[in-house]
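Engineer: Just need the structure, nothing else, for what follows:
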Amino acid sequence: MKINFLEIAQIELNDAIEYYNYEVPGFGDAFLTEILNALDRIGEFPKAWQACSKRTRRCQTRRFPYGIIYQIREKEILIVAIANLHRKPNYWKDRI
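Structural biologist: Reported below is the predicted structural model:
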């Protein structure tokens with residue numbers, strides 16, 4: 001199943017990569033690898049993760065305090081947010 005990002009979710013991903021690379025060179029690349037691995041797992045088993053609402057699920061990353069918030073749609077998986085789980089919870093709910 002195809003995975004697409006809301007524009008704001010893509011911006012969140014890019015910002016997090018930039019932040020981690022600024023803090024420790026190369027750490028942003030490790031973060032991106034973790035996100036890509038999680039996206040592969042979501043693509044393979046989309047219903048395996050915790051439901052946040054009727055249509056939305058969250059897959060937590062293993063190494064970083066982030067969750068990938070997504071919706072399973074007819075022909076795609078839509079990434080709603082790349083959410084830092086140490087920040088304000090559920091800030092992304094107005095996106096859906």
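
Engineer: just checking, A81 touches I69?
Structural biologist: Yes. Counting by CB atoms under 8 Å, A81 sits close enough to I69 to count as a contact (4.1 Å). From N, CA and C alone the C-beta is placed, and that goes for glycine too.

Engineer: who touches both of those two?
Structural biologist: Taking CB atoms under 8 Å, 6 or more residues apart in numbering as the contact rule, A81 and I69 both touch A9, W92.

Engineer: Direction included, what does the lengthiest strand in the chain pair against?
Structural biologist: Counting by DSSP state E, the longest strand found in the chain is strand 76-84. Applying DSSP bridges, strand 76-84 is found paired with strand 2-5 (parallel), strand 66-72 (antiparallel).

Engineer: relative to its centroid, which residue of this structure is most remote?
Structural biologist: Most distant from the centre of the chain: P25, at 21.7 Å, with distances by CA atoms, centre = their mean.

Engineer: which stretch of helix or strand covers that one?
Structural biologist: Using DSSP states H and E, P25 sits within no helix or strand.

Engineer: okay, and the helix or strand of the chain with the least pLDDT?
Structural biologist: Sorting the helices and strands of the chain by mean pLDDT, DSSP states H and E puts strand 50-51 at the bottom, at a mean of 90.

Engineer: Count the residues that sit near I77.
Structural biologist: When counting by other CB atoms under 10 Å, one arrives at 19 neighbours for I77.

Engineer: If you drop the residues flanking it in sequence, what lies closest to it?
Structural biologist: In this structure, I77 finds its nearest non-sequential neighbour in I3, 4.8 Å apart by CB to CB, 6 or more residues apart in numbering.
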